[in-house]
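>>> take a look and give me a structure for this.
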Amino acid sequence: MQPWATLVGVITLLLAAPDVLAVKSHDFKTCSQAGFCRRGRALSARAAEAGTKWKSPYSVDSSSISISSNNAVFTASVKSSIYPEIHFGLELRVHEDGVVRVRMDEVNGLRKRYDEAASWALIAEPKISQDITWTTGKKDIRAKYGNNEVVVAFEPLTVSLLRGGKPQVVLNGRGLLHMEHFRSKKVEETKTEEAAPQAEEGVEDQVAADQIVLKTEEINPAAWFVGDKEDDWWEERFSTWTDSKPKGPESLSIDISFPSHGTIYGIPQHATKLALPTTAGDSPFFTDPYRLYNADVFEYLASSPMSLYGSIPILHAHSTDSTVGIFHAVGSETWIDVSHASEKSTETHWISESGILDLFLMPGPTPADIFAQYSALTGTPVLPPHWSLGYHQCRWNYVSTDDVRTVQRRFDEEDMPVDVFWLDIEYADEHKYFMWDDKNFPDPVEMTNDVAANARKMVVIVDPHLKRTSNYPAYQEASDRKLLVMPASGEGEFEGWCWSGSSSWIDFFNPNAWDWWKSLFKTTALKSGWSWTLSTTDIHIWNDMNEPSVFNGPEISMPRDNVHHGGWEHRDIHNINGMLFSNLTSKAVQERTDPPQRPFVLTRSFFAGSQRFGAMWTGDNLGTWEHMAVGISMVLSNGIAGMSFAGSDVGGFFGNPEPDMLVRWYQVGIFNPFFRAHAHIDTKRREPFLLEQPYKGIIKDILRLRYTMLPIWYTAFRETSVTGVPVLRPHYVMFPKDPKGFALDDQYFIGNSGLLVKPITSKGTIETTVYLPEDEVYYDYFSHHVYRGAAKGKDITVKAELDQVPVFVRGGSIVPTRERPRRSSPLMKLDPFTLRVSLSKAGSARGDLYLDDGVTYSHEKGQFVWREFTAQTAKKTVRITTRDLGVEKKAEAVDGVALASYNPSNVFAETIKEVRVEKIVVEGLSGKPSSVKTEGGEELVWEFAAGVAANGKGEGVASVLTIKDPRVLIVKDWAVIIQL
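Residues are numbered from 1 along each chain as shown. The predicted structure is shown next:
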């Protein structure tokens, strides 16, 4: 399809759905426009007005307490004083790692509340501690374990997690717990009042007087708590849509307080600061709560609590003393208010449209502990294919196979590295995904093979909406198998509008859809059914629009009263829906081959657990400085919520950034875990080879820097795939006791590499301030300039011209890089390494390097190389050594696999046995060496430039020792001895 034809098609679609590409805030609800949120906030207001007189109506029936035979689980009945006929059940269990799970549900209600959110998020049923003893008193029941204690107070019901006797997390401490029970809709009662005698009038007037109808007034004794009217209980209207709400009110309100923690992070995805600003209390930063409701928000604001594409209901609460966390397994729309009663405490109020209370209280007490506890619940981020950490080139749209070939050729002509080319929706005939537009993509397999010949990959978009036409196999088979989401009637197929025109959506909550969906991605013909034979295993997948986006639906999404497998309404599972689509796509790509290969799948919509299956990006951002800056905060926030493999569109999806802005975007992009340039169909072409000098040369150097650092990124991903600690680490994660760093979100560390980065996100900047959080030396990555921190933290001013990005190496780090430029990352497999040894004040350093084939799962069978490098100074001798971590820490090497043995000469290690260290650079030595040699070997070739020593007092360019070709191999033990 030619560009003009594409544009005509888009204009035609916009005429059918005029608001889709011009979304304003009025297209999405505020809290005041959502009945259940309005009711929840009104409840909070009544509680605040009542002050100390307010008392929660919920209490524990102490006579109902039951403790399991192994003391692991406590259950009890919960009563409501305002609805004594309604029964609730409470359950608490303590996991082996100290996490407390709190569940509350309606018992024997008129209907069943949705209780399956956790089953989609959790990797397995958590193991229950066998060392818990519950002690029942007159007013509470409690269990103490280690330094932690969980206390359930009976009346009113509260649940508290304590450490050292000090409250860390309190549920219902403000009395805002309210589980709206199921009820029958009342038929309005009426009565006829006899009319009083009147003067003579016409017969018709007299009959009317006799039939005056009055509504019966009822006094609601629960009004003090629930309000005095049925506020959108049974029907709700927004704009032109009506939500039928056949189950009536079923929302859940719960206040969660952190009495000892004044800073909170999490609940992505929102375009805001990492440390969440307030939404309630005195002078709140935002006036609406944070909203979790996956939505296709076009041109979103750079500072807003509005919902965006994904939702992860997790919070970290932090102080200098400790970190705690909560994860609320709820899949429906949720609003969260944030306020602070004091600088050292935080109050949150969670209001969900449906579902049960299913809270996980994570005791920490360190950020690393929180990541481990959350990972034990929902899994760690995936170890991605190595090539996916390279540069991705995308736009809406590369218009033909020849266009793709031309773009690849231009990258090669300019010696710019790139690993992946992407195709947006225009590759597909009538936007029928999988089905190539034969006119413009007549040879898709050959095109892909041409890209793969340079060790590169393709990524092709597959959206969840299926065009409703019988000549589209994916739709027709799904329809025949009854795998599509149903309308509110629970029969037939929901029909909505998206890029494909009239469309239907696969219901991935139906297990029958899973194997069928995976079969579509097979690259060979099936015995029965259609498969994507015009594809290859070098094509990976981009899942967009999976919130789901429905152009003619309420809030650009699916009606809430649509019906999914099991009879659940869409409102119950909305935030989970997009995750299932991308998770199943990941499985489909993985299982194309035997043995399986690691898939790459990018998703726009996500939920807790999505990190196990692929990458995400921050959606349809704008090419503005504000969006560039907030993108960093968003990536950091996603990372602490598990989604480490994240990035924002380089250049901004919308707009035509000036060359200087584009340079700064690339500087941001190379320090994102996921690095992709993308652009809207209406933007000018802005591939980096199109720029004029000096901008083209600067971006070429930026791209090469990313590839030089790929060993750092891949090693960091190995760690996060095992520990859950994010790849990009905010200051509070690295230095949890430094309050000056709690709100920092414009600089961060990369893994445990020691690299500190502060991208520039403002126009015309020539210098910037960087915060150093400790009394240690930091080296400028490019100039070797030494900066010295301070015990209480220190701000330094550094140069930041357009061709400069502030990057520092923390003293005490050894950084492995590959310095030879290549066209793509797989071509670097046998390249030698450079080790940069940045000495600490104490004269020591360490770092590690992880390698495997980057494609298969053979690493789970011990096919990898994992080395540690250390430097130690003793008197006048610096000793640089390496050891095999695969041997010493085999149980910690691979996510989910505790290797019983490890062979240093494994098959993969043999493939790189000749890979050497070509250079060692040591910065911060106290003087010129008298000798540099390998242990037991001859003198090596080296150069020394005198400069500032790590253990000195001044600043300036560090001393630099460059050891040329030390003749040591990356897979072997060795030592280099530097005699001063």
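>>> host element of residue 291?
strand 290-292 (DSSP states H and E).
>>> direction included, what does that strand pair up with?
Here strand 290-292 has these sheet partners by DSSP bridges: strand 334-339 (antiparallel).
>>> in its sheet, what does the helix or strand following the partner strand sit against?
Toward the C-terminus, strand 334-339 is succeeded by strand 346-352 as the next helix or strand (DSSP H and E). Strand pairing for strand 346-352, determined by DSSP bridges: strand 252-258 (antiparallel), strand 334-339 (antiparallel).
>>> sec struct for residue 383, please.
In the three-state summary, residue 383 is assigned as coil, counting by DSSP: H, G, I helix; E, B strand; the rest coil.
>>> cool, and the one 4 residues further on?
Taking three-state DSSP as the rule, one finds residue 387 in the helix state.
>>> contacting residues for it?
By Cβ atoms under 8 Å, 6 or more residues apart in numbering, the contact set of residue 387 is 419-420, 455-457, 824-826, 854-855. Bear in mind the C-beta positions are built from the backbone N, C-alpha and C, glycine included.
>>> try it again at 6 Å.
Neighbouring residues of residue 387 by Cβ atoms under 6 Å, 6 or more residues apart in numbering: 419, 825-826.
>>> how about residue 313?
Neighbour list for residue 313: residue 328 [criterion: Cβ under 6 Å, 6+ apart].
>>> flag the shaky bits of the stretch 751-900 of the chain, pLDDT-wise.
Along the stretch 751-900 of the chain, the model assigns pLDDT under 70 to no residue.
>>> what's the neighbour count on residue 665?
26 (other Cβ atoms under 10 Å).
>>> what's the helix or strand hosting it packed up against?
Using DSSP H and E, residue 665 maps to helix 659-669. Here helix 659-669 touches helix 695-708, going by 3 or more Cβ pairs under 6 Å, 6 or more residues apart in numbering; DSSP states H and E.
>>> how far out from the middle of the chain is the next helix-or-strand element following the helix it packs on?
Elements were assigned by DSSP H and E; along the chain past helix 695-708, the next helix or strand is helix 710-723. Put simply, helix 710-723 sits 17 Å off its chain's centre (Cα atoms, centre = their mean, to the nearest Å).
>>> let me know the average pLDDT across helix 710-723.
Average pLDDT, helix 710-723: 98.
>>> would you list every one of the helices in the stretch 551-700 of the chain?
For the stretch 551-700 of the chain, the helices defined by DSSP state H, counting those that start in this stretch cover 570-590, 625-640, 659-669, 695-708.
>>> can you check which of those gets nearest to residue 90?
Within those, the stretch nearest residue 90 is helix 570-590; the backing value is 21.3 Å (Cβ to Cβ).
>>> and the gap between the nearest residue to residue 790 once chain neighbours are set aside and residue 953?
Closest residue to residue 790 apart from its sequence neighbours, by Cβ to Cβ, 6 or more residues apart in numbering: residue 775 at 5.6 Å. The spacing between residue 775 and residue 953, counted by Cβ to Cβ, to the nearest Å, is 12 Å.
>>> now residue 391
Where residue 953 is concerned, residue 391 sits at a distance of 42 Å (Cβ to Cβ).
>>> compare those two (neighbour count), which wins?
Neighbours were counted for residue 391 and for residue 953 using other Cβ under 10 Å; residue 391 has more, 25 against 7.
>>> which residues sit in contact with the more buried one?
418-419, 675, 703.
>>> for residue 40, state which of those residues is nearest.
Distances from residue 40 to these, taken as Cβ to Cβ, are shortest for residue 675 (40.1 Å).
>>> ok, and the closest non-adjacent residue to that closest one?
Nearest to residue 675 is residue 669, by Cβ to Cβ, 6+ apart, at 4.9 Å.
>>> helices and strands around the helix or strand where residue 878 lies, which ones?
In this structure, residue 878 sits in strand 877-884 according to DSSP H and E. For strand 877-884, the elements it packs on are strand 865-874, strand 975-979, judged by 3+ Cβ pairs under 6 Å, 6+ apart.
>>> in a markdown table, list these along with mean neighbour count and distance to residue 333.
Output for the helices and strands packed on strand 877-884, formatted as a markdown table (neighbours: other Cβ atoms under 10 Å; distance: least, Cβ to Cβ, whole Å):
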| stretch | mean neighbour count | distance to residue 333 |
| --- | --- | --- |
| strand 865-874 | 20 | 44 |
| strand 975-979 | 19 | 59 |
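>>> that older thread, tell me how far the residue nearest to residue 675 lies from residue 826.
In terms of Cβ to Cβ, residue 669 sits 21 Å off from residue 826.
>>> quick one: which of those two has more around it?
A direct count of neighbours by other Cβ under 10 Å for residue 669 and residue 826 places residue 669 higher, at 26 against 20.
>>> right, and the more buried one touches residue 649 too?
No - applying Cβ atoms under 6 Å as the test, residue 669 and residue 649 come out as separate, 8.7 Å apart.
>>> pLDDT of stretch 394-409, averaged?
For stretch 394-409, the mean pLDDT works out to 98.
>>> ok, and what's touching it?
Here stretch 394-409 makes contact (Cβ under 6 Å, 6+ apart) with 3, 421-422, 424, 426, 440-441, 443, 447, 450, 676, 678-681.
>>> am I right that residue 450 is in a helix?
Yes - the assignment for residue 450 is a helix, going by three-state DSSP.
>>> residue contacts, it?
residue 405.
>>> dump the residue contacts of residue 547.
Residue 547 neighbours (Cβ under 6 Å, 6+ apart): 294-296, 557, 578, 605.
>>> can you do 7 Å?
By Cβ atoms under 7 Å, 6 or more residues apart in numbering, the contact set of residue 547 is 294-296, 309, 557, 578, 605.
>>> cool, and residue 373?
So residue 373 contacts 97, 99, 362 (Cβ under 7 Å, 6+ apart).
>>> and those residues, which are buried?
99, 362 (16 or more other Cβ atoms under 10 Å).
>>> tell me the one of the contacts of residue 373 nearest residue 40?
Distance ranking of the contacts of residue 373 against residue 40, using Cβ to Cβ, places residue 362 first at 24.2 Å.
>>> for that closest one, which residues make a bridge with it?
Here residue 362, judged by DSSP bridges, has bridge partners residue 325.
>>> give the contact list for it.
99, 324-327, 370, 373-374.
>>> from those residues, which is closest to residue 30?
residue 326 (24.9 Å).
>>> what pLDDT does the model give that closest one?
Taking residue 326 on its own, its pLDDT is 98.
>>> how far away is it from residue 350?
9 Å.
>>> now do residue 657
Counting by Cβ to Cβ, the gap from residue 657 to residue 350 is 38 Å.
>>> likewise for residue 529?
Noted for residue 529: a distance of 44 Å to residue 350, by Cβ to Cβ.
>>> neighbour count winner among those two?
More neighbours surround residue 350 than the other of residue 529 and residue 350, with 26 against 13 (other Cβ under 10 Å).
>>> residues contacting the more buried one?
Each residue near residue 350 by Cβ under 7 Å, 6+ apart is listed here: 254, 256, 328, 334, 336.
>>> redo those residues as TSV? Include neighbour count.
Shown next, in TSV, are the contacts of residue 350 (neighbours: other Cβ atoms under 10 Å):
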residue	neighbour count
254	24
256	24
328	26
334	27
336	25
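>>> quick check, nearest of these to residue 545?
Nearest to residue 545 among the contacts of residue 350, with distances taken as Cβ to Cβ, is residue 334, at 21.8 Å.
>>> convert stretch 130-150 to CSV, retaining C-alpha atoms only.
C-alpha atoms of stretch 130-150 as CSV (Å, rounded to 0.1, in the frame of the first residue of the first chain):
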residue,chain,number,x,y,z
GLN,A,130,5.2,-24.0,59.1
ASP,A,131,6.7,-22.0,62.0
ILE,A,132,3.8,-19.8,62.8
THR,A,133,1.8,-19.8,66.0
TRP,A,134,-1.3,-17.8,66.4
THR,A,135,-2.2,-16.4,69.8
THR,A,136,-5.8,-15.5,70.5
GLY,A,137,-6.6,-12.8,73.0
LYS,A,138,-9.8,-10.9,74.0
LYS,A,139,-9.3,-8.1,71.5
ASP,A,140,-7.1,-9.6,68.8
ILE,A,141,-5.3,-12.6,67.3
ARG,A,142,-1.6,-12.3,66.4
ALA,A,143,1.3,-14.3,65.1
LYS,A,144,4.9,-13.4,65.6
TYR,A,145,7.7,-14.6,63.4
GLY,A,146,11.3,-13.3,63.5
ASN,A,147,11.2,-9.5,64.1
ASN,A,148,7.7,-9.3,62.4
GLU,A,149,4.3,-9.6,63.8
VAL,A,150,0.8,-9.6,62.2
